[in-house]
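*Asks:* Need coordinates for the below:
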Amino acid sequence: MNKTFGLIGGDQRQAELARLLAADGHTVRTYGLDRWKPGGEAGLDQVAASDIVILPLPLCKGNGVLNCEEGPVPTMDLFRRLRPGQRILAGQVKPQQRREAEDCGLILEDYFLREELTVANAAATAEAAVQVAMDQMDRTLLGMDCLVLGFGRIGKLLCNRLHGLGVRVTAAARRPSDLAWIRAYGWRALDTYSLDGKLSDFGVVFNTIPSLVLEGPLLAQLPRECLCVDLASVQGIDLAAAERLGLPNVWARSLPGRLVPRTAAAVIRDAVYYILMEERGDPA
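*Replies:* Numbers count the residues shown, from 1 in each chain. Okay, the predicted model is just below:
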């Protein structure tokens with residue numbers, strides 16, 4: 001059954017999502033996507049009137065402002081253009097935007113809370129993180145000591161990818177259960193709270209923790225050629241301090257959207273279809 005999808009805002013993955021939905025035979029309207037131009041863009045009100053409205057991942061790029069190239073679009077202004085009963089989907093919805101939607105009588109569903117999407121997104125992030133590191137270095141990862149801070153979805157998958165490349169993997173975690181799993185995989189385990197004096201051998205440090213972990217005194221213990229790659233949305237590595245110390249560094253946020261947008265878009269499309277099947281009994 002053909003549906004009208006309205007896609008508002010976002011990055012390259014949202015543009016790829018528009019292409020995928022159109023290829024599946026759906027009517028697609030977009031606003032704020034300069035990279036999607038097969039039929040030209042529609043006005044915001046026209047897009048907001050679509051059967052299903054898909055907002056970007058992440059939903060906001062600032063406080064109360066939609067993640068949109070055509071901007072700024074305050075989220076509250078957008079929600080006032082929508083109507084109760086519409087299917088409205090977004091990624092990484094903050095409490096403020098959830099409250100705004102409720103005040104407008106809307107149900108705003110966060111597709112990034114779905115396990116199948118977060119796992120696939122983590123896998124894409126881990127693969128892209130390896131690509132970022134290799135692009136930044138003039139040597140191979142084979143035989144190198146690398147530290148992964150955090151052992152959530154991305155941390156686990158990144159350790160696995162690095163191990164497959166012949167890296168000597170060390171992972172840092174807080175929970176005893178995570179430390180036990182790190183050791184069970186055959187990797188070296190460090191307590192995130194006890195890194196002092198244990199950082200002198202690493203060639204690359206990857207951070208996945210969205211809170212400050214490596215500050216100046218700890219960074220000073222790293223070798224001068226150690227690459228610091230921060231994957232978190234909130235810096236866990238003090239990159240300004242790393243810069244002062246002469247450590248090569250990169251804040252590699254939103255990697256799936258920037259490096260593998262087609263894969264990231266396919267993951268979101270599948271999650272959207274699952275939502276439609278489960279909640280509306282629609283085969284999409």
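*Asks:* burial measure for the closest residue to residue 9 other than its chain neighbours, as a count.
*Replies:* Leaving aside its sequence neighbours, residue 9 sits nearest to residue 68 (Cβ to Cβ, 6 or more residues apart in numbering; 3.2 Å). Glycine gets a C-beta too; all of them are placed from N, C-alpha and C. Neighbour count for residue 68, taken as other Cβ atoms under 10 Å: 23.
*Asks:* So for residue 68, what's the pLDDT?
*Replies:* Listed pLDDT for residue 68 reads 88.
*Asks:* What values do phi and psi take at the closest residue in space to residue 86 that isn't next to it in sequence?
*Replies:* Spatially, and ignoring its direct neighbours in sequence, residue 86 is nearest to residue 53 (5.9 Å; Cβ to Cβ, 6+ apart). Main-chain dihedrals, residue 53, degrees, to the nearest 10: phi -110, psi 120.
*Asks:* Now do the contacts for residue 126.
*Replies:* 154, 157-158, 160-161 (Cβ atoms under 8 Å, 6 or more residues apart in numbering).
*Asks:* First-to-last residue distance for stretch 88-102?
*Replies:* Stretch 88-102 has its terminal residues 12 Å apart, counting by Cα to Cα, to the nearest Å.
*Asks:* Then stretch 246-255?
*Replies:* End residues of stretch 246-255 are separated by 24 Å (Cα to Cα).
*Asks:* OK, contacts around the residue of the chain most remote from its centre?
*Replies:* For the chain, the largest distance from the centre (Cα atoms, centre = their mean) belongs to residue 197, which lies 31.5 Å off. Applying Cβ under 8 Å, 6+ apart, we find residue 197 in contact with residue 221.
*Asks:* and what of residue 247?
*Replies:* 219, 222, 224, 226-228.
*Asks:* if we can go back for a sec, kindly give a single PyMOL line that selects the buried subset of the contacts of residue 126.
*Replies:* Here is the PyMOL command that selects the buried residues among the contacts of residue 126 (16 or more other Cβ atoms under 10 Å):
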select buried, resi 154+157+158+161
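*Asks:* Format the contacts of residue 126 as TSV; extra columns: secondary structure and distance to residue 256.
*Replies:* As requested, the contacts of residue 126 are exported to TSV (DSSP: H, G, I helix; E, B strand; the rest coil; distance: Cβ to Cβ, whole Å):
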residue	secondary structure	distance to residue 256
154	helix	11
157	helix	12
158	helix	13
160	helix	17
161	helix	14
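*Asks:* From the contacts of residue 126, pick the one nearest residue 17.
*Replies:* residue 154 (21.5 Å; Cβ to Cβ).
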